[in-house]
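Engineer: Give the three-dimensional model of this entry:
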Amino acid sequence: MEKLTPLPEPDASLEQYPTPAAIVADVVFGAYGRGDVEGMKVLDLGCGNGIFAIAAALMGAGASMGFDISEKAVRISEENALSSGVAASFSVSDVKDVKEGADTVFMNPPFGCQNRGADRPFLDKAMDISECIYSVHKAETADFVTDYCRKRGRDASLCKVYKYDIPHTFEFHRETKRSIEIAVVNIR
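Structural biologist: Here you go, the predicted model:
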């Protein structure tokens, strides 16, 4: 996963931050251990460079697909899948327009730092199309996320909290890197 090409010139308005390979590997392997990957139809919403879709394909997903609003992201995802030797497909789509259903959804939606509530369309769509979701959020918002999902009739539980070093990516970043805690929430 560490060898995947990152998104060149990420878009700050879309909060296109890379999901660290070690975190993706841990999340997908944990989902695999719960029976949520092998032989399953897996979607990666807001796929960025395709890292979740590719990891799921490597772990034996029956079908692995990614969706992103950015044409550049989809192009990089396709190149990454090809160089990884996996069968994963990618499409340009706003998350609200995804019609594909899935057994399992993985996603690292925008945290809502640039646009408040930007994660909600991702959560809503994922709950509409799948019974099993693994979603990455700022740890400080995990209680909100679990409550948001429970109000929509879903069981949401915290899987794990990780330290995430955000590299200096955008002009408005003042530090070389900034460490935050992120939480992976499993929604069923």
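Engineer: What residues does the residue lying closest to D119 once chain neighbours are set aside make contact with?
Structural biologist: Spatial nearest neighbour of D119, excluding adjacent residues (C-beta to C-beta, 6 or more residues apart in numbering): P109 at 4.3 Å. Where you see a C-beta, it was placed from the backbone N, CA and C, and this is true even at glycine. Listed by C-beta atoms under 8 Å, 6 or more residues apart in numbering, the contact set of P109 reads 45-46, 95, 118-119, 122-123, 135-137.
Engineer: List the contacts of the helix or strand of the chain with the lowest mean pLDDT.
Structural biologist: Lowest by mean pLDDT, DSSP states H and E among the helices and strands of the chain is strand 156-167, with a mean of 87. When contacts are defined by C-beta under 8 Å, 6+ apart, strand 156-167 is touched by residues 17-18, 20, 23, 26-27, 30, 134, 139, 142, 145-146, 148-150, 173, 176-188.
Engineer: Spell out for me the PyMOL command that would select the buried members of the residues you listed.
Structural biologist: PyMOL command restricting these to the buried ones, with burial defined by 16 or more other C-beta atoms under 10 Å:
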select buried, resi 17+18+20+23+26+27+30+134+139+142+145+146+148+149+182+183+184+185+186+187
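Engineer: Which of the contacts of strand 156-167 fall in helices?
Structural biologist: Cross-referencing the contacts of strand 156-167 against helices under DSSP state H gives 23, 26-27, 30, 142, 145-146, 148-150.
Engineer: burial of E9, as a residue count?
Structural biologist: E9: 7 surrounding residues under other C-beta atoms under 10 Å.
Engineer: For it, give me the pLDDT.
Structural biologist: We note a pLDDT of 78 for E9 in this prediction.
Engineer: What strand or helix carries it?
Structural biologist: Using DSSP states H and E, no element contains E9; it sits outside every helix and strand.
Engineer: ok, now I76?
Structural biologist: Per DSSP H and E: helix 71-84 holds I76.
Engineer: any idea how far M1 is from R154?
Structural biologist: As judged by C-beta to C-beta, to the nearest Å, M1 and R154 stand 28 Å apart.
Engineer: buried ones in the helix holding I76?
Structural biologist: So helix 71-84, judged by 16+ other C-beta under 10 Å, has buried residues 72-78, 80-81, 84.
Engineer: would you turn the residues you listed into a markdown table with distance to D103 and pLDDT?
Structural biologist: Below are the buried residues of helix 71-84 laid out as a markdown table (distance: C-beta to C-beta, whole Å; pLDDT from 0 to 100):
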| residue | distance to D103 | pLDDT |
| --- | --- | --- |
| K72 | 28 | 94 |
| A73 | 23 | 95 |
| V74 | 22 | 97 |
| R75 | 26 | 97 |
| I76 | 25 | 97 |
| S77 | 20 | 98 |
| E78 | 22 | 98 |
| N80 | 22 | 98 |
| A81 | 19 | 98 |
| S84 | 21 | 97 |
